[in-house]
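> output the structure for:
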Amino acid sequence: MCGIVAYIGPKDATPFLLEGLARLEYRGYDSAGVAVVGRTGGIKVRKVKGRVADLAAAVPARFKGSTGIGHTRWATHGVPSDANAHPHLDNAERIAVVHNGIIENADELRAKLAADGAVFRSETDTEVLGHLIAAHAAEGVELEEAVRAALGKVVGTYGIAVLDAEQPDRIVVARNGSPIVLGIGEKEMFVASDVSALVRYTRQVVHLEDGELATVRADGFRTFTEDARTTHRQPSTVDWEIDSYDTGGYEHFLLKEIHEQPGSVERTLGGRLDERFATAHLGGLNLDARELREIRRVKILGCGSAYYAGEMGAQLIEELARIPAHSEPASEFRYRNPVIEADTLYIAVSQSGETYDTLAAVQEVKRKGGRVLGVVNTVGSAIARECDGGIYLHAGPEISVASTKAFTSTVVAFALIALHFGRIHDLSPADGHRIVSALKALPDQIREVLAQSDAIAELAAEYAGSEGMMFIGRVRGYPVAREGAQKLKEISYVHAEAYPASELKHGPLALISPELPTVALVPDDELLDKNLTTLGEIKARSGRVLAVAHRRPETKLADHCILVPKSEPELDPLLLNIPLQLLAYHAAVALGRDVDKPRNLAKSVTVE
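Prediction:
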């Protein structure tokens, strides 16, 4: 969940390191540090508790070197502090290491190294790597051999970059469960844990596989395995624009990304709707019609918002394709020793394509012979490479920790999957055309909702001071309620709880009071009357109600209402969710929260 950058070439490394860390700060932001090999030899290090801006202020003007590594941290071992910040050095200050991941046998290794004379200055597991590599480098071997030998003793996950003051012509990097990307420049090379740090400098990138290392020099790179076998990696081209990594005049990335959703939905749909046959073109699934007809069940795996998008996807698949479908947290999946069935299709969902729990679930399914598709946003990511096929969202980079446009594009991708599956099964051409038309209308309908941002900001300011909020919805609306509660919690820190509206009187109704308002999803569908009855139950107990609806309920049933355009019933949840994103955003702003970097969270969860 941390960010890594590295540079080697003819230029001063420090400006790239600081800028790259700033672009990766969404991956971790409790401390940061850089190390360079100085022009006169030796490793210079600066690291601080706090943000990258604090680090930049602490780096002196003469902090220069043409080979360097940097890191922004999300703490796992040891509190945020200057000492625990990366990079970490060995006692001789010859080796510097930055690391994402967790070394599971760190305590055992630390004890052995301490017995051999190593002196530890931090509480981190990462410092073990520095001493371990130094122990092998002291034997006179090449840096890559020292790294390889050290990693042979390590149990855990890692993405690392290593400097050696005595071999300043190279950086050695390695990956196992935590992403590492090489960027190819003109007589210079870059390294990062995310392409967002690279796109200003190069579009040619190489993604390392798990168990792979690389020696990076100014004039190129060499990749190899932990047992020293050479591998061959071909560069791919990043198609995201540098402007995607700037706020573009918006106050926060989150607000920008909310407002980018009409365009991101258009990209997700681009070239995939077949109006002639009322279906979707999804060649990337790598499944023909005969294989699809043999599928008897769909299981969707994701974490956080990806899990809730999977719940909405499961509903779409069941309604349109009439195939039993279910979503569950990928983080729990492999620990219950799941039964993998030959006629079940598994779908892994991840914006980054690097979510560790989801990747591990994919590997568990494949190990047992299951077929897995991926729904991811990042081309070339680990989950995309691991899966048998899938859909790229093409939502564009998402910088804010809280997912908005990627969530929406994921639900749109599931609508395409459900339409495709449905037309191969029993969905009629008329219903297929109905869904195709509704999908095409979504971008403009999202724009209608976004036009209410100022009005929603006023409501958010009124509700932000509440001690908590309840979110309720029925059937299609329940996953929307869960995602709405998630957004409010993670960026405003207001406690929020989601329940099926039908379950309210089975316990949660005891919580209803004027101090605990309810956000109610009230679509104009076959359950409208039941939803209105639930609002009456809340109002009878003096609860405040903010309805998100297609038509305004009676005043006695709702204190406030946000109206959204009507789509087809299957797609209504997608539009009902947009106001909840704005509500959470404006509530967080009203409370003075750090919207793009909520406390204790990071964007890409690459540790368990």
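> okay, CA-based contacts and neighbour counts for the rest of this
Noted.
> pull the contacting residues for Lys530.
Contacts for Lys530 (CA atoms under 8 Å, 6 or more residues apart in numbering) come out as none.
> and it, its phi and psi?
Dihedral pair for Lys530: phi -70, psi -40, per degrees, to the nearest 10.
> and it, what's its pLDDT?
We have a pLDDT of 94 for Lys530.
> now Thr76
77.
> swap in the one 3 residues further on?
Val79 is assigned a predicted lDDT (pLDDT) of 87.
> over to the one 10 residues further on?
According to the predicted model, the pLDDT of Leu89 comes to 96.
> quick check: closest non-adjacent residue to it.
Ala96 (4.6 Å; CA to CA, 6 or more residues apart in numbering).
> please, where are all the strands along the stretch 351-500 of the chain?
371-376, 389-392, 469-473, 496-500 (DSSP state E, counting those that start in this stretch).
> can you put the ones you listed in JSON lines and add distance to Tyr463?
Converted to JSON lines, the strands of the stretch 351-500 of the chain look like this (distance: least, CA to CA, whole Å):
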{"stretch": "strand 371-376", "distance to Tyr463": "34"}
{"stretch": "strand 389-392", "distance to Tyr463": "37"}
{"stretch": "strand 469-473", "distance to Tyr463": "9"}
{"stretch": "strand 496-500", "distance to Tyr463": "12"}
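> could I get these as TSV with distance to Gly507, mean pLDDT and mean neighbour count?
What follows is the strands of the stretch 351-500 of the chain, written out as TSV (distance: least, CA to CA, whole Å; pLDDT from 0 to 100; neighbours: other CA atoms under 10 Å):
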stretch	distance to Gly507	mean pLDDT	mean neighbour count
strand 371-376	36	96	26
strand 389-392	40	94	22
strand 469-473	13	96	26
strand 496-500	10	95	20
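> looking at these, which is closest to Glu19?
Glu19 lies closest, by CA to CA, to one member of the strands of the stretch 351-500 of the chain: strand 371-376, at 26.2 Å.
> sketch out the low-pLDDT regions of the stretch 251-400 of the chain for me.
Applying pLDDT under 70 to the stretch 251-400 of the chain flags no residue at all.
> now the helices for it?
Listed in chain order, the helices of the stretch 251-400 of the chain (DSSP state H, counting those that start in this stretch) span residues 253-259, 261-269, 289-293, 305-321, 330-333, 356-367, 382-386.
> residues contacting the closest residue to Leu509 other than its chain neighbours?
In this structure, Leu509 finds its nearest non-sequential neighbour in Ile538, 7.6 Å apart by CA to CA, 6+ apart. Under the criterion of CA under 8 Å, 6+ apart, the contact list for Ile538 reads Leu509, Ile512, Arg544, Val545.
> just say helix, strand or coil for the first one.
The reference is to Leu509. Three states are possible here, and by DSSP: H, G, I helix; E, B strand; the rest coil the one that applies to Leu509 is helix.
> for Glu166, see how far away it is.
Using CA to CA, to the nearest Å, one gets 68 Å for the distance from Leu509 to Glu166.
> moving C-terminal of the helix or strand encompassing Val172, what's the next helix or strand?
Assessed by DSSP states H and E, Val172 sits inside strand 171-176. Along the chain past strand 171-176, the next helix or strand (assigned with DSSP H and E) turns out to be strand 181-184.
> just checking: what are the partner strands of that following strand?
Strand 181-184 pairs in its sheet with strand 189-192 (antiparallel), strand 204-207 (antiparallel), by DSSP bridges.
> and the first one, how far out from the chain's middle?
Yep, that's strand 189-192 we're talking about. Distance of strand 189-192 from the chain centroid (CA atoms, centre = their mean, to the nearest Å) equals 21 Å.
> likewise for stretch 535-552?
Its chain's average C-alpha position is 34 Å from that of stretch 535-552, according to CA atoms, centre = their mean.
> re earlier: who does the helix or strand that the residue nearest to Leu89 is a member of touch, helix- and strand-wise?
Secondary structure assigned from DSSP H and E places Ala96 in strand 95-103. In this structure, strand 95-103 packs against strand 3-8, strand 67-73, strand 88-89, helix 126-137, strand 156-164, with contacts taken as 3 or more CA pairs under 8 Å, 6 or more residues apart in numbering; DSSP states H and E.
> convert that strand to CSV, retaining C-alpha atoms only.
Listed next in CSV are the C-alpha coordinates belonging to strand 95-103 (Å, rounded to 0.1, in the frame of the first residue of the first chain):
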residue,chain,number,x,y,z
ILE,A,95,22.9,-0.6,0.8
ALA,A,96,19.6,1.3,0.7
VAL,A,97,16.2,-0.4,0.3
VAL,A,98,12.6,0.7,-0.2
HIS,A,99,9.9,-1.9,0.1
ASN,A,100,6.2,-2.5,-0.3
GLY,A,101,4.7,-5.5,1.3
ILE,A,102,5.2,-7.5,4.5
ILE,A,103,8.1,-9.8,5.4
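> for the chain, which element, helix or strand, carries the lowest mean pLDDT?
Sorting the helices and strands of the chain by mean pLDDT, DSSP states H and E puts strand 236-237 at the bottom, at a mean of 86.
> what lies in contact with it?
The set of residues that contact strand 236-237 without belonging to it, under CA under 8 Å, 6+ apart, is Arg203, Gln204, Val205, Val206.
> and of the helices of the stretch 251-400 of the chain, who's closest to Ala549?
Proximity to Ala549 (CA to CA) singles out helix 305-321 among those, at 17.9 Å.
> ok and that closest one relative to strand 371-376, angle-wise?
On the basis of axes from the mean of the first three to the mean of the last three CA atoms, to 10 degrees, helix 305-321 is oriented at 120 degrees to strand 371-376.
> so the residue nearest to Leu509: helix, strand or coil?
Secondary structure, three-state DSSP: Ile538 is helix.
> hang on, the earlier thing: neighbouring strands of the least confident helix or strand of the chain in the sheet, and parallel or not?
Here strand 236-237 is paired, per DSSP bridges, with strand 204-207 (antiparallel).
> now the strand it pairs with: average pLDDT?
Here the average pLDDT along strand 204-207 is 93.
> centre of the chain to whichever helix or strand comes after it, how far?
Sequence order places strand 212-217 as the next helix or strand after strand 204-207, per DSSP H and E. The offset between the C-alpha centroid of strand 212-217 and the centroid of the whole chain comes to 26 Å, using CA atoms, centre = their mean.
> other SSEs contacting strand 212-217?
Based on contacts counted as 3+ CA pairs under 8 Å, 6+ apart, the elements that strand 212-217 packs against are strand 171-176, strand 220-225.
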